[in-house]
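Visitor: predicted model and sequence below, questions to follow.
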Amino acid sequence: MRGALLRAVVEIPLETRASASGAICARLEGLIGDARGVMVYAPMASEPDVMPVARSLAARGVLVAMPRVDWEALSMSAARFDPEGELEDAGRGVWQPAASAERAPPESLEVVLAPGVGFDRACRRLGRGGGFYDRWLGQLPSGVRRVGVAFGVQLVDHVPAGAHDVVMHAVVTEDEVIPRERAKEAP
């Protein structure tokens with residue numbers, strides 16, 4: 001399933017992906033509202049570009065965080081995003097704030113944007129297989145809203161999920177916001 005979904009995204013023309021990313025960002029801005037702490041991500045080539053949201057939030061004085069990965073510990077943490085700073089190459093297509101970036105404590109976040117390889121209408125997320133997001137999201141305070149971000153072609157009928165898989169509160173594509181409340185089988 002991962003391979004097929006990643007191929008589907010690669011087949012989207014670049015200008016169409018850029019346009020879809022713009023529509024996703026507009027939907028995200030409305031969904032985020034007046035949150036004071038938001039975690040975004042630096043997009044990999046196959047992910048919607050949410051950097052305009054990151055810059056817009058930072059300009060409004062919102063605490064903006066991004067993931068930092070530790071490949072050896074198979075863990076992720078949140079670090080403050082500086083729109084004036086450079087992101088560093090963490091390897092494997094991942095870009096992140098510099099090691100010197102201040103940590104963003106999980107309790108400072110109200111919304112987390114999570115990319116995925118695929119999602120279903122029950123807001124289940126199919127990641128890249130490393131479990132980084134699932135482990136990290138599972139440690140967040142219960143009030144933090146988890147929002148999956150994907151292109152419409154990444155929606156599938158059913159994402160297989162286990163007890164360790166964290167379900168999103170909503171999924172945003174260029175065409176719609178899928179709230180978990182509407183989901184047929186959300187756990």
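Guide: Yep, that arrived. Numbers count the residues shown, from 1 in each chain.
Visitor: ok, longest strand in the chain?
Guide: If you go by DSSP state E, the chain has its longest strand at strand 63-70.
Visitor: could you dump that one to CSV, C-alpha only?
Guide: Taking Å, rounded to 0.1, in the frame of the first residue of the first chain, the C-alpha atoms of strand 63-70 are listed here in CSV:
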residue,chain,number,x,y,z
LEU,A,63,4.9,29.1,18.8
VAL,A,64,5.8,27.0,15.7
ALA,A,65,7.6,23.7,16.2
MET,A,66,9.0,21.1,13.9
PRO,A,67,10.1,17.5,14.5
ARG,A,68,13.7,16.6,15.2
VAL,A,69,14.6,13.0,14.7
ASP,A,70,17.1,10.8,16.4
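Visitor: please name every helix or strand in contact with it.
Guide: In terms of contacts (3 or more Cβ pairs under 8 Å, 6 or more residues apart in numbering; DSSP states H and E), strand 63-70 is packed against strand 37-39, helix 51-59, strand 75-80, strand 87-91, strand 94-97, helix 132-137. For the C-beta atoms, the positions are set from N, CA and C on the backbone; glycine is no exception.
Visitor: in that strand, what counts as buried?
Guide: Buried residues in strand 63-70, counted by 16 or more other Cβ atoms under 10 Å: L63, V64, A65, M66, P67, R68, V69.
Visitor: Throw the residues you listed into JSON lines and include distance to P160 and pLDDT, thanks.
Guide: Output for the buried residues of strand 63-70, formatted as JSON lines (distance: Cβ to Cβ, whole Å; pLDDT from 0 to 100):
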{"residue": "L63", "distance to P160": "34", "pLDDT": "98"}
{"residue": "V64", "distance to P160": "32", "pLDDT": "98"}
{"residue": "A65", "distance to P160": "29", "pLDDT": "98"}
{"residue": "M66", "distance to P160": "28", "pLDDT": "97"}
{"residue": "P67", "distance to P160": "24", "pLDDT": "97"}
{"residue": "R68", "distance to P160": "28", "pLDDT": "96"}
{"residue": "V69", "distance to P160": "24", "pLDDT": "93"}
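Visitor: pick out whichever of these sits closest to R92.
Guide: V69 (8.4 Å; Cβ to Cβ).
Visitor: contact partners for that closest one?
Guide: Contacts here follow Cβ atoms under 8 Å, 6 or more residues apart in numbering; on that basis V69 touches S75, M76, A90, V94, Q96, F132.
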